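Participant: Next comes the sequence, and after it the predicted model I'd like to discuss.
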Amino acid sequence: SASAAAAAAAAFLTHAQQQLQHQHQHQHPHQPQGRISAYPTAFNFVCPDTDVLSTALFKIRNESSHPIVWNLNPVTPVDVNLLNDTIVSSMNGAFSFNVESGMLAANASVDLSALFSPRSEGDYSQRWELKWRLQGTEVVGSTQLSLKGVCGQQ
């Protein structure tokens, strides 16, 4: 009968939906997206002189139910466009963070300082990366950070 066929089709669709949900859960047993947040991800420092240290607040928030292990590392050299239009690349550390690695408890956050201490006047830029791993799991993630700084009379 038509109603039996409709009931069988509905049962089949329900079963297929459950199978899809089950497969999706197996493919992604942990969903790290959105669990670890870092802000800001872009810093723009301005300092009047090479003797001045500029700082900015940087926050890492762990919204997962696992502790995380994290670290911050530069992924590019510092590019400096000096006032005489010379472009220099170096790992000389114009940018840094007051703490560059650590552990963060579940549902906790930590405040760090991003630091800009240029050695000469010019425009500076560098990319850093925050990498993290949920402790006791294979779940990892990363966030790119952009640091820019201007020193001196531009």
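Facilitator: The structure has been received and is ready for your questions.

Participant: drop to CA atoms for contacts and neighbour counts, all remaining ones
Facilitator: OK.

Participant: Just the local confidence number for the closest residue to Ala108 other than its chain neighbours, please.
Facilitator: Once flanking residues are discounted, Ala108 sits nearest to Asn62: 5.4 Å by C-alpha to C-alpha, 6 or more residues apart in numbering. Here the pLDDT value assigned to Asn62 is 95.

Participant: what do you get for Ser1?
Facilitator: Ser1 is given a pLDDT of 72.

Participant: what number of residues lie near it?
Facilitator: Per other C-alpha atoms under 10 Å, the neighbour tally for Ser1 reads 5.

Participant: In what element of secondary structure is Lys131 found?
Facilitator: For Lys131, the host element (DSSP states H and E) is strand 122-134.

Participant: The helix or strand that that strand is followed by packs against which elements?
Facilitator: Note on strand 122-134: by DSSP H and E, the next helix or strand toward the C-terminus is strand 140-151. When contacts are defined as 3 or more C-alpha pairs under 8 Å, 6 or more residues apart in numbering; DSSP states H and E, strand 140-151 sits against strand 42-47, strand 122-134.
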